[in-house]
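Asks: need coordinates for the following:
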Amino acid sequence: MSFDLRLVKTATDAETARRLAREALWLRSLGRVRSLEGQLPRLIEEGTDAAGRPYLVIGIRPEGDRAAGEIRAFTDEHARFLATLGKARFRAADFEHFGKCQWIQRSLPPDEPILQEAYYDCEKALLYWNGPYVLSQGDFAPWNIRAFGSQLFVFDWGSAHGDASPLDDVLHYLMIQRRLKTVPLLRRAMGRAREFALAAYPQWSWRPPVIGALTLVYLLGVIVHREAKRSDAVVDAYWKLLEKRPAWMKEN
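Replies: Just a heads-up that it's a prediction; the model follows:
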């Protein structure tokens, strides 16, 4: 497939430079996955401009293709894309050997006991669970996705990371676009994430305590990524959900 439309991304600070480097890494790797062909940008060029700023040139969709607007619902096409992405970088492991688990554990603020307690709840629930860990797009949300016919095209891979829970992108899609993160909304998102997991990874156990613990992993991951700042509206909403976890973690 040829990519007639090109987009130039230029780093403006150290953080955006890290995001561009991560995006280039994953676009190079995923560009070799035939089952994802035509569904993500193509890395055309990377380098440093005259001002010393890193940049990427990426190809998006052919000019004649027409994109639909943002799709708020989590459709079968979203589930198919994530199942395909998961198979592109996959391993089975115990929770304590799971990369995101180790990153959360290292990154938790030592002066926030509620976060430490929530992480301990994850460890207890997943102590004897061996499960699949996959590549996450990192910001799988309507504003980063367009539909071209029946096929999705997913932009912005600067937050992508390996060794993630297979529920992360589903939960993120369903939760991050809503301003009010209530327990009923979270329960519905967990139910949809469980449906996805059962279809995409049927050989593993997806009992309610496992879904609850992996939902806790998702919430903690977002809070830590956003530096646990309660002034951040998403952090504050997810923090409140952590405090209410007895209401949703084991039975959903």
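
Asks: shaky segments in the stretch 51-200 of the chain?
Replies: Along the stretch 51-200 of the chain, the parts satisfying pLDDT under 70 run over 61-69, 179-180.

Asks: what about the residue in the chain sticking out farthest from the centre, which SS state?
Replies: What lies farthest from the middle of the chain is residue 50; by Cα atoms, centre = their mean that is 33.8 Å. Using DSSP: H, G, I helix; E, B strand; the rest coil, the structure places residue 50 in coil.

Asks: mind checking how far residue 222 is from residue 140?
Replies: Using Cβ to Cβ, to the nearest Å, one gets 12 Å for the distance from residue 222 to residue 140. Glycine gets a C-beta too; all of them are placed from N, C-alpha and C.

Asks: tell me which of those two has more neighbours.
Replies: residue 140 (25 against 20; other Cβ atoms under 10 Å).

Asks: tell me the secondary structure at the more buried one.
Replies: Applying three-state DSSP: residue 140 is coil.

Asks: quick one: residues contacting it.
Replies: 78, 82, 154, 169-170, 172-173 (Cβ atoms under 8 Å, 6 or more residues apart in numbering).

Asks: format these as CSV; extra columns: distance to residue 36, neighbour count and secondary structure.
Replies: CSV is the format used below for these (distance: Cβ to Cβ, whole Å; neighbours: other Cβ atoms under 10 Å; DSSP: H, G, I helix; E, B strand; the rest coil):
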residue, distance to residue 36, neighbour count, secondary structure
78, 14, 22, helix
82, 11, 26, helix
154, 9, 23, strand
169, 14, 28, helix
170, 18, 25, helix
172, 19, 22, helix
173, 18, 25, helix
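
Asks: which two in those residues are spaced the farthest apart?
Replies: The span of these, defined through Cβ to Cβ, is set by 154 and 170 at 13.8 Å.

Asks: would you map the helices across the stretch 101-250 of the chain?
Replies: Ranges of helices in the stretch 101-250 of the chain, per DSSP state H, counting those that start in this stretch, are 113-125, 168-176, 183-200, 208-225, 233-243.

Asks: which other helices and strands does the last one contact?
Replies: Identification of packing neighbours for helix 233-243 by 3 or more Cβ pairs under 8 Å, 6 or more residues apart in numbering; DSSP states H and E yields helix 113-125, helix 208-225.
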